[in-house]
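Predicted model, plus sequence, below.
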Amino acid sequence: MIRRTVFMLAGAGLLLAATAVSAQERTYTAAQHDYRVVPVADGLVQPWSMAWLPNGDMLVTEKPGRLRIVRDGNLLPEPVSGVPEVFYQGQGGLFEVLPHPDFATNQTIYLSFAKPVGDNSTTAIIRARLENGNLSDVTEIFAADASGRSHYGGKLVFDADGYLFLSLGDRQAPSTGDLAAHPAQDLSNHAGVIVRLNEDGTVPNDNPFVGQDGALPEIWSYGHRSPQGMAIHPQTGDLWMTEHGPQGGDELNLVKPGANYGWPVVGYGVNYGTSSPIHERQTMTGMESPTRFWVPSIAASGLVIYSGDKFPQWQGDIFVGGLAGQLISRLEMSEDFRSVVREEELLYGMGRIRDIREGPDGYIYAAMEDRQGAPTAIVRMEPL
């Protein structure tokens, strides 16, 4: 049995108590719920995103550009056909798969991916019908006005009103010189923003920058660096997201319409290697501060907010994956679900966690990533 628990007050440091971890053990002790880790599917190459269809099939994206189906615990040998060409270089590839809320009647899914644009790429979304292992009626509904080979974002989520949100990174634009002129602070492009769209890719009339000169109307929030996780809180309807900081300064943010999250003007990280300063300061009036930040970074990845019945004491908690941290961070929330009161490390020592999801069965699923492209697995957390 493995135990490692972290207690935290919001904004305070971490106190860590740990016992030796055996690589062979797959049963863990945790606050409120002990759990086991059960293999679900292996043989996947760089799995990036998971989603479920009404018939129980699990859809999994592989970063090199394949959409796979796991059926009854078995990875089907043939990928789904009709997936568009992706730019599979650097951080580029196939990202999120998201079924339409009414998939049972319209068979529609959405994919985000790095779209080739000449020798470069941008983040795009396609909408298509999925039937019998094939995509048809493939339509591009959005392509970002921001290019590069890294910090793509690519997370997708629908809210309860049917609006589609997409995260977009800053494309690793240099954080030097005039910080206020950085692309993530410039509303005339899609670098470092969250966008909000109608399901067909058109712009909702009530987006915060609609009608503002010099601002793209799709933008919902801005000043982000590299958003890697995004979810709607089931109790409040709030949009939450995680983003990579530089060396230090990963963030959990409550996303508000029209808000500026400060990158690179404010933050808690430093430049890689040299540890030289980046930001003007850590906080500033008119720029949102994170609800939680990590120094050193865990390389925050997937994000899920638990609402199932298998772990009842964890309902409403936020779960954040860690790539470099090789863990899941469970963030216990306050009564109003707006602040973090305690943090606990789960699923540590098994590998890089790329995505976390709550399955339709109420269990918690994690996709493990190998950055070298070796076959990796999806696992499931079950209560003891």
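Thanks, I have it. Residues are numbered from 1 along each chain as shown.

does Asp238 really touch Ile232, like I thought?
Yes. Using C-beta atoms under 8 Å, Asp238 makes contact with Ile232 at a distance of 7.1 Å. (Glycine included, C-beta is placed from N, CA and C.)

Tell me if Thr105 really is in a helix.
Yes. Assessed by DSSP: H, G, I helix; E, B strand; the rest coil, Thr105 belongs to a helix.

I figured Val265 hits Glu280, correct?
Yes. At 5.4 Å, Val265 and Glu280 qualify as touching, with contact defined as C-beta under 8 Å.

So which of those two has more stuff around it?
Val265 (22 against 13; other C-beta atoms under 10 Å).

Could you check how far that one is from Asp178?
Separation of Val265 from Asp178 (C-beta to C-beta, to the nearest Å): 10 Å.

now Thr236
As for Thr236, its distance to Asp178 is 37 Å (criterion: C-beta to C-beta).

Quick check: neighbours shared by Val265 and Glu280?
Residues touching both Val265 and Glu280 by C-beta atoms under 8 Å, 6 or more residues apart in numbering: Leu179.

before we move on, back to that, between Thr236 and Asp178, which is the more surrounded one?
Between Thr236 and Asp178, Thr236 has the larger neighbour count (other C-beta under 10 Å), namely 15 against 8.

Skip the chain neighbours and tell me the closest residue to Ser301.
Gly321 (4.0 Å; C-beta to C-beta, 6 or more residues apart in numbering).

Toward the C-terminus from the helix or strand bottoming out on mean pLDDT in the chain, list the very next helix or strand.
Taking mean pLDDT, DSSP states H and E as the measure, the helix or strand of the chain with the lowest value is strand 15-18, at a mean of 30. Downstream of strand 15-18, the next assigned helix or strand under DSSP states H and E is strand 27-29.

Who does that following strand pair with, and is each partner parallel or antiparallel?
strand 2-7 (parallel), strand 35-45 (antiparallel) (DSSP bridges).

In terms of secondary structure, what does the helix or strand just after the last one contact?
Spelled out, that is strand 35-45. Downstream of strand 35-45, the next assigned helix or strand under DSSP H and E is strand 47-52. With contacts taken as 3 or more C-beta pairs under 8 Å, 6 or more residues apart in numbering; DSSP states H and E, strand 47-52 sits against strand 58-62, strand 94-99, strand 352-358, strand 364-369, strand 375-383.

So which residues make contact with the second one?
Counting by C-beta under 8 Å, 6+ apart, the neighbours of strand 94-99 from elsewhere in the structure are 48-53, 59-67, 83, 86, 88, 108-114, 123, 152, 154-158.

for the record, mean pLDDT for it?
For strand 94-99, mean pLDDT rounds to 98.

Go through stretch 177-187 and flag the buried ones.
Using 16 or more other C-beta atoms under 10 Å as the burial criterion, the residues of stretch 177-187 that qualify are Leu179, His182, Pro183, Ala184, Gln185, Asp186, Leu187.

and what of stretch 93-105?
Gly93, Leu94, Phe95, Glu96, Val97, Leu98, Pro99, His100, Phe103.

swap in stretch 302-316?
By neighbour count on 16+ other C-beta under 10 Å, the buried set for stretch 302-316 is Gly302, Leu303, Val304, Ile305, Tyr306, Gly308, Lys310, Phe311, Trp314, Gly316.

re the thing from before, out of the strands paired with strand 27-29, point me to the one whose mean pLDDT is lowest.
Minimum mean pLDDT among those: strand 2-7, a mean of 48.

Double-check Ala377 against Val38; I have them as touching.
No. With contact defined as C-beta under 8 Å, Ala377 does not reach Val38; the gap is 10.6 Å.

Compare these two (neighbour count), which wins?
Ala377 (18 against 12).

which residues sit in contact with the more buried one?
Ala377 neighbours (C-beta under 8 Å, 6+ apart): Pro39, Val40, Ala41, Asp42, Gly43, Leu44, Met368.

ok, 6 Å please
Pro39, Asp42, Met368 (C-beta atoms under 6 Å, 6 or more residues apart in numbering).

State the number of residues packed around the closest residue to Ser307 other than its chain neighbours.
Once flanking residues are discounted, Ser307 sits nearest to Pro234: 4.2 Å by C-beta to C-beta, 6+ apart. Using other C-beta under 10 Å, Pro234 is surrounded by 16 other residues.

tell me which element the spatially closest residue to Ala300 that is not a sequence neighbour is part of?
Excluding the flanking residues, the one nearest Ala300 by C-beta to C-beta, 6+ apart is Thr242, at 3.9 Å. If you go by DSSP H and E, Thr242 is part of strand 239-243.

packing partners for that strand?
strand 227-232, strand 250-255 (3 or more C-beta pairs under 6 Å, 6 or more residues apart in numbering; DSSP states H and E).

then it to PDB, C-alphas only?
The C-alpha trace of strand 239-243 is given here as PDB (Å, rounded to 0.1, in the frame of the first residue of the first chain):
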ATOM      1  CA  LEU A 239     -14.800  27.200 -16.500                       C
ATOM      2  CA  TRP A 240     -11.500  26.100 -15.000                       C
ATOM      3  CA  MET A 241      -8.200  25.600 -16.700                       C
ATOM      4  CA  THR A 242      -4.600  24.700 -16.100                       C
ATOM      5  CA  GLU A 243      -1.600  26.100 -17.900                       C
END
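
Tell me what angle it forms with strand 250-255.
160 degrees (axes from the mean of the first three to the mean of the last three C-alpha atoms, to 10 degrees).
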